[in-house]
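Novice: could you look at this predicted model? Sequence included:
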2 protein chains.
Amino acid sequence: MANPEAVLTDVTGRDGFQMEKEWIPTDRKVEILNGILASGVKRLEATSFVSPKAVPQLKDAKEVLARINRGDAEIIVLVPNLKGAELAREAGADKINFVLSISETHNQKNVRRTVEESLGQLNEITGVFSPERIVLSLGTTFGCPFEGLYPVDKVQAVIEKVADMGLSQITLCDTTGMANPKQVTEFVRTLSARFPEQRFALHLHNTRGMGLANLIAGYQEGIRHFDAALGGIGGCPFAPGASGNVALDDVAHMLELMDVETGADLEGLIGTAGRMQEILGYELPGQVMKAGPAKTVHTV
Amino acid sequence: MANPEAVLTDVTGRDGFQMEKEWIPTDRKVEILNGILASGVKRLEATSFVSPKAVPQLKDAKEVLARINRGDAEIIVLVPNLKGAELAREAGADKINFVLSISETHNQKNVRRTVEESLGQLNEITGVFSPERIVLSLGTTFGCPFEGLYPVDKVQAVIEKVADMGLSQITLCDTTGMANPKQVTEFVRTLSARFPEQRFALHLHNTRGMGLANLIAGYQEGIRHFDAALGGIGGCPFAPGASGNVALDDVAHMLELMDVETGADLEGLIGTAGRMQEILGYELPGQVMKAGPAKTVHTV
């Protein structure tokens, strides 16, 4: 019997592309995202309706959204505020992702607001998207480069304030790759017990090599929703040269080996990752795209 | 209370250096290994007494062994045969590591012997080193690129033949990085139950990104001995560009975050990894040497 399925949300178009300094032509963005969709990934955080001044790479958000082959996939876009939510609605997004950092320092740097002000924005946005169409991403859930590692109480205190909203999902984000498997186990166990009705997801970075170990720790505690970016792009400005998001292709590969159904076609993902590597012009952190699937038998 | 400690065996000098095509001067080898020893690592597989024709990089095995600052560390050397064992004894190795591949195909390619012939060699070698001073490494324990993934029965059948020898340790080696956490859990659980008196260790490669996830899976099943190579060097000729051994620095970092005592000094390891990167002249796969420890707090 197969284990319960896991749902992968590809964040290449948002958390991946937003870190790329060289302009990626809209055609190429659409090509990559369509390759991911064609590989059977059913949830895509495709882009972000943010200020083009803040993130010029994503200024083509509307066009990308209009041109990808959505099929029956669920398309999510990140929005930082009410205006973004309105644009996302006009552009026909299925859901929006609103990010709020547990770290006051990080939240100030990221959106120039206090956590309390961000919570106010979240409430305003429910006038545009109903809560069951809102994903809340808690940035720096496990710790912040400026404040250190966090105890779970700090995160729980923030979730208490939104627990009765009926949000579609709360994503625990290890934004800068600081979490370890023991911490993930503790956080997920505590939060799932305290908020049994709330769906939680994990957004993990491989900055310090622990991405897949943390994913397994979360899976063991019942998490079934995971963010990932093709080829492991993305990353953290404080860790030059280190890996970015957990690689969608590596995650799909590991889960397939473990008989956890994801619906993703590994060959399609590896092919698309190779094409994206050509487009971006540098070696991506993904490992399976280099080594090939473990199940491949070579001739002597 | 701290969790039970884990013992890390550094294999930089053997599984790491043997994959390097450019000659590493003996002085530099000694410098790197002394850096690792000075960082508190208490077990070192320092080199290999193999034919200099087969592995020219390790032709200075005797000199390396004579020059490193052994202190109270346990020094292990790999030997492929009786002659190697005799050289290792003369050179004053504390223990030897004898490798036998579960895969007949891989064993033939690696040492040009059948598995049965290798078992015969192992018996011969006990005339030079007593079994409690012999580590048996089972190459391709989890699968072989030429034969596919293995069921645990195949490995158990080989271990049955050596189970009453009283070997110091049996190391389950994921030689080409094919194992996944579910498989590691199953293998370790089955083999530990079947051979409760035998100490098992894990030798993991990060070829497909699963190295640390596999390590945690083994730790959860009671494994306390792990091989690793500084900076994640080593690797597999079938996976160009992919990662090598799990990185000693990344393993020590993760275990420290999880309150598992290893005795290793992270700063010392990171410093030595940086120095080794200069010597080898290319970017190493290790992540913490790029991103820094998760506990480091940055100023805003």
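Specialist: Here it is on my side, so go on.

Novice: centre of the chain to stretch A:166-183, how far?
Specialist: Offset of stretch A:166-183 from its chain centre (C-alpha atoms, centre = their mean, to the nearest Å): 10 Å.

Novice: quickly check: stretch A:134-150 near chain B or not.
Specialist: Yes: interface with chain B: stretch A:134-150 contributes A:143, A:145-149 (C-beta under 8 Å from any C-beta of the partner chain). (C-beta placed from N, C-alpha, C; glycine too.)

Novice: of the residues you listed, buried ones?
Specialist: By neighbour count, with 16 or more other C-beta atoms under 10 Å in any protein chain shown, the residues of stretch A:134-150 next to chain B hold A:143, A:145-147 as buried.

Novice: now for those residues: which two are most distant?
Specialist: Within these, A:G143 and A:F146 form the most distant pair, 9.7 Å apart (C-beta to C-beta).

Novice: need the residues of stretch A:134-150 next to chain B in CSV (columns: secondary structure and distance to B:V251).
Specialist: Converted to CSV, the residues of stretch A:134-150 next to chain B look like this (DSSP: H, G, I helix; E, B strand; the rest coil; distance: C-beta to C-beta, whole Å):
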residue, secondary structure, distance to B:V251
A:G143, strand, 20
A:P145, coil, 22
A:F146, coil, 27
A:E147, coil, 26
A:G148, strand, 22
A:L149, strand, 19
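
Novice: so which of the residues you listed is the closest to A:G241?
Specialist: Among the residues of stretch A:134-150 next to chain B, A:P145 lies closest to A:G241 (C-beta to C-beta), at 15.6 Å.

Novice: is it true that that closest one touches B:T299?
Specialist: No: checked against C-beta atoms under 8 Å, the pair A:P145 and B:T299 is beyond contact range at 9.7 Å.

Novice: relative to chain B, how far out is the closest residue to A:S51 other than its chain neighbours?
Specialist: Counting by C-beta to C-beta, 6 or more residues apart in numbering or on different chains, the nearest residue to A:S51 once its immediate chain neighbours are dropped is A:P80, at 7.9 Å. A:P80 is 20 Å from chain B, where distance means C-beta to the nearest C-beta, to the nearest Å.

Novice: tally of neighbours for A:P80?
Specialist: Neighbourhood size, A:P80 [other C-beta atoms under 10 Å in any protein chain shown]: 22.

Novice: could you list the low-pLDDT ranges of chain A?
Specialist: In the predicted model, chain A carries pLDDT under 70 at residues A:1-4, A:238.

Novice: that one: strands as residue ranges?
Specialist: Here chain A has its strands, by DSSP state E, at A:7-10, A:43-48, A:74-79, A:95-101, A:134-139, A:143-144, A:148-149, A:169-173, A:200-203, A:225-228.

Novice: of those, which is nearest B:G166?
Specialist: Closest among the strands of chain A, using C-beta to C-beta: strand A:148-149, at 43.7 Å.

Novice: of the buried ones among the residues of stretch A:134-150 next to chain B, closest to B:F129?
Specialist: The closest of these, once distances to B:F129 are taken by C-beta to C-beta, is A:G143, at 46.8 Å.

Novice: so what pairs up with that closest one in the strands?
Specialist: With DSSP bridges applied, A:G143 shows beta-bridge pairing to A:L149.

Novice: am I right that it is in contact with A:P151?
Specialist: No: look at A:G143 against A:P151 with C-beta under 8 Å: they stay out of range, at 9.8 Å.

Novice: the residues of stretch A:134-150 next to chain B: which two are farthest apart?
Specialist: Farthest pair in these (C-beta to C-beta) is A:F146 and A:L149. Separation: 11.9 Å.

Novice: which residues are in contact with both of these two?
Specialist: Common neighbours of A:F146 and A:L149, using C-beta atoms under 8 Å, 6 or more residues apart in numbering or on different chains, do not exist here.

Novice: buried stuff in stretch A:20-29?
Specialist: Buried residues in stretch A:20-29, counted by 16+ other C-beta under 10 Å: A:20, A:24, A:28-29.

Novice: need those residues in TSV (columns: distance to A:T262).
Specialist: Formatted as TSV, the buried residues of stretch A:20-29 follow (distance: C-beta to C-beta, whole Å):
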residue	distance to A:T262
A:E20	26
A:I24	26
A:R28	25
A:K29	23
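
Novice: in helices, which of these appear?
Specialist: Among these, the residues falling in helices (DSSP state H) are A:28-29.

Novice: of the buried residues of stretch A:20-29, just say which sits nearest to chain B.
Specialist: Checking these against chain B by C-beta to the nearest C-beta gives A:E20 as the nearest, at 18.6 Å.

Novice: A:I68 touches A:I32, doesn't it?
Specialist: No: between A:I68 and A:I32 there is no contact under C-beta under 8 Å: 9.7 Å.

Novice: comparing the two, which residue is more hemmed in?
Specialist: Using other C-beta under 10 Å, the more surrounded residue of A:I68 and A:I32 is A:I32, with 26 against 22.

Novice: what's the closest non-adjacent residue to that one?
Specialist: Nearest non-adjacent residue to A:I32, counting by C-beta to C-beta, 6+ apart: A:M276, 5.0 Å away.

Novice: for A:S48, same thing?
Specialist: Ranked by C-beta to C-beta, 6+ apart and with sequence neighbours excluded, the top spatial neighbour of A:S48 is A:L78, at 3.9 Å.

Novice: residues of the stretch 201-300 of chain A that sit close to chain B?
Specialist: With the criterion set to C-beta under 8 Å from any C-beta, the stretch 201-300 of chain A comes near chain B through A:206-213, A:215-217, A:236, A:238-243, A:247, A:250, A:253-254, A:257-259, A:283, A:286-288, A:290-300.

Novice: filter those residues down to the buried ones and hand me the PyMOL line.
Specialist: What follows is the PyMOL syntax for the buried subset of those, where burial is set by 16+ other C-beta under 10 Å:
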select buried, chain A and resi 206+207+208+209+210+211+212+213+215+216+217+236+239+242+243+247+250+253+254+257+258+286+287+288+290+291+292+293+294
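
Novice: take the residues of the stretch 201-300 of chain A next to chain B and keep only those in helices.
Specialist: A:211-213, A:215-217, A:250, A:253-254, A:257, A:288, A:290-291.

Novice: how about those, which pair is most distant?
Specialist: Greatest spacing in those, by C-beta to C-beta: A:A217 and A:K290 (25.1 Å).

Novice: A:L280 is in contact with A:I24, isn't it?
Specialist: Yes: using C-beta under 8 Å, A:L280 makes contact with A:I24 at a distance of 7.4 Å.

Novice: could I get the buried residues of stretch A:20-29 as TSV with distance to chain B?
Specialist: Output for those, formatted as TSV (distance: C-beta to the nearest C-beta, whole Å):
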residue	distance to chain B
A:E20	19
A:I24	23
A:R28	23
A:K29	25
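
Novice: now, which of the buried residues of stretch A:20-29 sits nearest B:L100?
Specialist: Distance to B:L100, by C-beta to C-beta, is smallest for A:E20 among those, at 47.2 Å.

Novice: now do the same contact list for that closest one.
Specialist: By C-beta under 8 Å, 6+ apart, the contact list for A:E20 reads A:57, A:233, A:280.

Novice: again with A:L138
Specialist: So A:L138 contacts A:100-102, A:155, A:158-159, A:170-173 (C-beta under 8 Å, 6+ apart).

Novice: now do A:V135
Specialist: A:V135 is in contact with A:76, A:95-98, A:167-171, A:201, counting by C-beta under 8 Å, 6+ apart.

Novice: which non-adjacent residue is nearest the most centrally placed residue in chain A?
Specialist: In chain A, the C-alpha nearest the mean C-alpha coordinate belongs to A:D227, at 3.7 Å (C-alpha atoms, centre = their mean). Setting aside the residues directly before and after it, A:D227 is nearest to A:H203 in space (C-beta to C-beta, 6+ apart), at 4.0 Å.
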